[in-house]
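Asker: quick one: sequence and predicted model below, then my questions.
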Protein chains: 2
Amino acid sequence: MTLSSAPGKVYLFGEHAVVYGEPAVPCAIERRARVAVTERTDSKLRVQSDDLRLDGFTVEYGGPTDTHPDVDVSEQLIAAAMGYVDGAIEQVRDATGEDDVGFDVHIESDIPLGAGLGSSAAVVVAAIDAATRERGLTLETAELADRAFQTEYEVQKGEASRADTFCSATGGAVRVEGEDCRSIDAPELPFVIGFDGGAGDTGELVAGVRTLRSEYGFAADTVTAIGDLVRHGETVLEAGDVEELGRLMDVNHGLLSALGVSSRSLDAMVWAARDAGAVGAKLTGAGGGGCIVALDSTDATETALSFTPGCVDAFRATLADDGVIRHR
Amino acid sequence: MTLSSAPGKVYLFGEHAVVYGEPAVPCAIERRARVAVTERTDSKLRVQSDDLRLDGFTVEYGGPTDTHPDVDVSEQLIAAAMGYVDGAIEQVRDATGEDDVGFDVHIESDIPLGAGLGSSAAVVVAAIDAATRERGLTLETAELADRAFQTEYEVQKGEASRADTFCSATGGAVRVEGEDCRSIDAPELPFVIGFDGGAGDTGELVAGVRTLRSEYGFAADTVTAIGDLVRHGETVLEAGDVEELGRLMDVNHGLLSALGVSSRSLDAMVWAARDAGAVGAKLTGAGGGGCIVALDSTDATETALSFTPGCVDAFRATLADDGVIRHR
């Protein structure tokens, strides 16, 4: 059995605009997906999950062409999770040259699913890493990140960005612009996360922004404004000015709202954080529901969020310096 | 005694950006300030208000250099209201050439004060109109609007836009761009207004946007995006497409949020309206608190707002076809 883990992430700046070639800055956080992989004697894939914020499910099947089994959780979530694991194992088969190798895959994750914290990227990165190592092959981080991206790209039908998978594989703060991903320096960032218990439909949200941007010049300008904000934010990050980062997060949230990807609960959490004294707060990820991220070195924001109607979980998250960790 | 009334307004689009030469579209609404003026035998000014959303106050004084009397409402609001009436009467003295004419001025208003509905513009327009007529002079609407603007310009220390006073004087839907104000056609617009009981500090909010815009290219882009949205909105207004107007209002609200002028209660009301089925909703006016405006031809938004924590008043407002009305 081989065990790897990989972190989730928050977007400090730039989600959605990154799809159109603008830069973005995701940061890995110490919330991880742990994937244990054991080679099978047949070519089947068996996936068990103890927690993808589901009650736990076990799926055994022969491959992606199988019909999905009758289990007591959302078909859509199962299909999504299975799609990612399927894709990851396809990458493993490609990397090892072993077309019909089979695995038992056991997933544990404390990253809320589909909530903008990069749960799928973390699962894919950890799964590819563990399964290749189970077959005696340790991938370079760059190749791991790339294969994880290919997986997301296929599952998400071409709408994936390299940001999530690169950030999960390498850890730390990352600058993404088109194909170019690189690690950047970041100060201690006092992230506080609020989760509304929901999940937006990433595909639908990305498509909505695409339509808005193609129909309206002012929506295209809004995407550009996010890019300009990110370029400024990079210099602020380098200077370590947390107060200014907060101000920029507030503006970034407004620009995302203009693109139609915020929600009632996300806005309620953002305001709870700001009123509690957070230096800034914004939605993170695709939006429509899920998580907000705030910066507050005190306990006030976490407390305020925990009393905010519509917030089901509030927690502090430190920047994860390590990306993928090879546990055993 | 001479009585004039003038309507308040909502901004369908473009507040804040209008300060930088972008177009804006305010619409007069059937909520009015009524000002009754009686000439005095001395040169004093006596102002009585039954409702500026205060409990009512009476102030008698010799002019702007007097110290303010000890009354049981916010000094700041008294000072603000008195400043507008003072300024209006100065315009009347200028228009009539009677430097030392005095008036008793009685104000009744059902427009929430400082809440983004143009209460001060309505009071100024009605006061100038009633007082000039009390002295036998009936101003052309254009001159009335201009003198009301001059009053606001002085009281607001140069930050006033012509939009509020022109709209209040002429009624209907208005297009404002810099010095150029004109009436435009508009379909039946099912305005619903939510009021949080508060008032933002217009000067502070305008100054905040000015700073943001001068410091950050992306904030300047955001102002430009609002202008582009308004230019598109004008064609939509002409076409009478209320659904599309709603979509644009939603985007306009997000862009205003990015400029830092929304608030927790404004966002809560905007989401209540959208969730209730409004075709769109946005803050109106300077923001920071005050009012939102939504479009909904059903009762759902008004009902939803009346149950929204933080909303103290919700009401339907029809487009006011008439601006200043000369009652007697």
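Answerer: Yes, it's here. What you see is a predicted model, and the numbers here were worked out from it, not measured in a lab.
Asker: burial count for A:R182?
Answerer: 11 (other CB atoms under 10 Å in any protein chain shown). (Each C-beta comes from the backbone N, C-alpha and C, glycine too.)
Asker: quick one, phi/psi of it?
Answerer: Taking degrees, to the nearest 10, you get phi -150, psi 150 for the backbone angles of A:R182.
Asker: excluding sequence neighbours, find me the nearest residue to it.
Answerer: A:R175 (5.4 Å; CB to CB, 6 or more residues apart in numbering or on different chains).
Asker: before we move on, what about A:V105?
Answerer: A:V47 (4.8 Å).
Asker: going along the chain, name the helices of the stretch 201-328 of chain A.
Answerer: Using DSSP state H, counting those that start in this stretch, the helices of the stretch 201-328 of chain A run over A:202-215, A:217-239, A:242-258, A:264-276, A:300-306.
Asker: which other helices and strands does the last one contact?
Answerer: Going back to what we said before, that points to helix A:300-306. Packing partners of helix A:300-306 (3 or more CB pairs under 8 Å, 6 or more residues apart in numbering or on different chains; DSSP states H and E): strand A:191-195, helix A:264-276, strand A:313-317.
Asker: between these, which gets nearest to B:T132?
Answerer: B:T132 lies closest, by CB to CB, to one member of those: helix A:264-276, at 45.9 Å.
Asker: ramachandran angles for A:Q48?
Answerer: According to degrees, to the nearest 10, A:Q48 has phi -130, psi 130.
Asker: wait, it touches A:E108, no?
Answerer: No. Contact between A:Q48 and A:E108 fails when scored by CB atoms under 8 Å: they sit 9.5 Å apart.
Asker: between these two, point out the one with more neighbours.
Answerer: A:E108 (18 against 15).
Asker: tell me the SS of that one?
Answerer: What DSSP: H, G, I helix; E, B strand; the rest coil gives for A:E108 is strand.
Asker: what residues does the stretch 101-250 of chain A have near chain B?
Answerer: A:212, A:216-219, A:221-222, A:224-226, A:228-229, A:232, A:250 (CB under 8 Å from any CB of the partner chain).
Asker: change it to 7 Å
Answerer: Within reach of chain B by CB under 7 Å from any CB of the partner chain, the stretch 101-250 of chain A has these residues: A:Y216, A:G217, A:F218, A:A219, A:D221, A:T222, A:T224, A:A225, A:D228, A:L229, A:H232, A:D250.
Asker: weed out the non-buried ones from those residues.
Answerer: Buried subset of these (neighbour count, 16 or more other CB atoms under 10 Å in any protein chain shown): A:Y216, A:F218, A:A219, A:D221, A:T222, A:T224, A:A225, A:D228, A:L229, A:H232, A:D250.
Asker: mind putting these into CSV with pLDDT and distance to A:D94?
Answerer: Listed next are those as CSV, based on pLDDT from 0 to 100; distance: CB to CB, whole Å:
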residue, pLDDT, distance to A:D94
A:Y216, 97, 41
A:F218, 97, 44
A:A219, 98, 38
A:D221, 96, 41
A:T222, 97, 39
A:T224, 97, 37
A:A225, 97, 40
A:D228, 97, 39
A:L229, 98, 38
A:H232, 97, 40
A:D250, 98, 43
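Asker: who's in contact with A:L255?
Answerer: Counting by CB atoms under 7 Å, 6 or more residues apart in numbering or on different chains, A:L255 makes contact with A:T222, A:A225, A:I226, B:A258.
Asker: tell me the one among those nearest to A:D299.
Answerer: Of those, the one sitting nearest to A:D299 (CB to CB) turns out to be B:A258, at 28.5 Å.
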